[in-house]
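Undergrad: sequence plus the predicted model coming up.
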Amino acid sequence: MTELLYLTDSYLKEFEATMVAVESNRVALDRTAFYPGGGGQPADGGRMLWDNGESQVIKVKKQEDQVWHGLDVEPPPVGTPVRGVLDWEHRYKLMRTHTALHILCGVIWRDYGALVTGGNMEPLAARMDFELEHMSADFAQEVEEKINAEVAATRPVKICILPREEAFQIPDLIRTKINLLPESIREVRIVEIEGLDMQADGGTHVANTREVGTIHVVGHESKGRINKRLRIALGE
Ligand SMILES: [Zn+2]
């Protein structure tokens with residue numbers, strides 16, 4: 001089982017670990033800061049270094065309890081100590097973008113009572129779908145003003161890990177369908193934008209909404225009678 005260092009410290013850019021499994025050109029470590037993708041957030045890339053060797057980390061993927069890192073050279077043997085170095089520019093953009101999406105869904109829920117039906121992100125660009133009947137350029141403009149007000153409000157973003165039973169007591173989490181989590185998950189990681197949004201979430205986020213920077217609503221589309229899409233883009 002890989003210890004997931006990014007769950008408690010999303011600002012970790014480098015880490016030491018030990019190789020615990022090798023399968024052709026991919027390796028598993030005892031601990032990793034590489035995000036393996038999931039919840040709409042793409043996987044990290046970067047480099048892995050060891051005594052007399054190094055490789056790009058090209059494909060990071062979680063399978064059951066283990067995170068696999070694809071290398072572009074032949075891996076050293078199991079037991080080798082390694083250093084992982086994240087492509088931080090890429091990851092930090094994703095942290096800002098992921099947090100922007102939480103601001104967006106927090107505002108849409110608070111002011112319009114609409115739930116999220118889907119979403120996806122790449123560095124500095126994302127889309128999110130909502131259970132909304134109406135959508136217009138004016139609405140998109142209004143949302144843009146509201147989400148930037150939340151960035152300007154410098155709201156802290158806090159992470160905590162709670163026992164399942166405790167998390168299930170939090171009313172704000174019910175709307176995010178926390179009750180659909182498999183019974184096997186005994187602890188729930190909660191990402192809270194203070195005063196705005198709370199979600200069960202395994203992704204990486206910035207520590208304060210101010211780090212997101214200006215958010216532009218760059219598109220709006222209808223995806224069905226009660227399904228409307230907003231597209232956002234962040235500044236560099
Ligand atoms: Zn999220």
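TA: Great, that's in hand.
Undergrad: which one of the residues in this structure is closest to the ion?
TA: The chain approaches the ion most closely through residue 201 (4.1 Å), counting by Cβ to the ion. All C-beta spots, glycine's among them, are computed from the backbone N, C-alpha and C.
Undergrad: helix or strand: which one has the closest residue to that residue other than its chain neighbours?
TA: Sequence neighbours aside, residue 191 is the residue nearest to residue 201 in space, at 4.4 Å (criterion: Cβ to Cβ, 6 or more residues apart in numbering). Here residue 191, judged by DSSP states H and E, is contained in strand 187-193.
Undergrad: which strands or helices does that strand pack on?
TA: helix 88-112, strand 157-163, helix 164-167, strand 197-200 (3 or more Cβ pairs under 8 Å, 6 or more residues apart in numbering; DSSP states H and E).
Undergrad: C-alpha coordinates for the helix or strand bottoming out on mean pLDDT in the chain, PDB please?
TA: Lowest on mean pLDDT, DSSP states H and E among the helices and strands of the chain sits helix 171-174, with a mean of 80. Extracted C-alpha coordinates of helix 171-174, given in PDB (Å, rounded to 0.1, in the frame of the first residue of the first chain):
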ATOM      1  CA  PRO A 171     -25.000  18.200   6.500                       C
ATOM      2  CA  ASP A 172     -23.000  20.100   3.900                       C
ATOM      3  CA  LEU A 173     -21.400  16.900   2.700                       C
ATOM      4  CA  ILE A 174     -24.700  15.100   2.100                       C
END
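Undergrad: quick one: low-confidence parts of the protein?
TA: The chain contains residues with pLDDT under 70 at 177.
Undergrad: residues of it that sit close to the ion?
TA: Contact residues, the chain versus the ion (Cβ under 5 Å from the ion): 201, 203.
Undergrad: need the residue closest to the centroid of the chain.
TA: Centre of the chain computed as the mean C-alpha position; nearest residue by Cα atoms, centre = their mean is residue 203, 2.9 Å away.
Undergrad: farthest residue from the center of the chain?
TA: Distance to the chain centre peaks in the chain at residue 52, reaching 33.5 Å (criterion: Cα atoms, centre = their mean).
Undergrad: please name the nearest non-neighbouring residue to residue 82.
TA: That would be residue 50: by Cβ to Cβ, 6+ apart, it lies 4.6 Å from residue 82.
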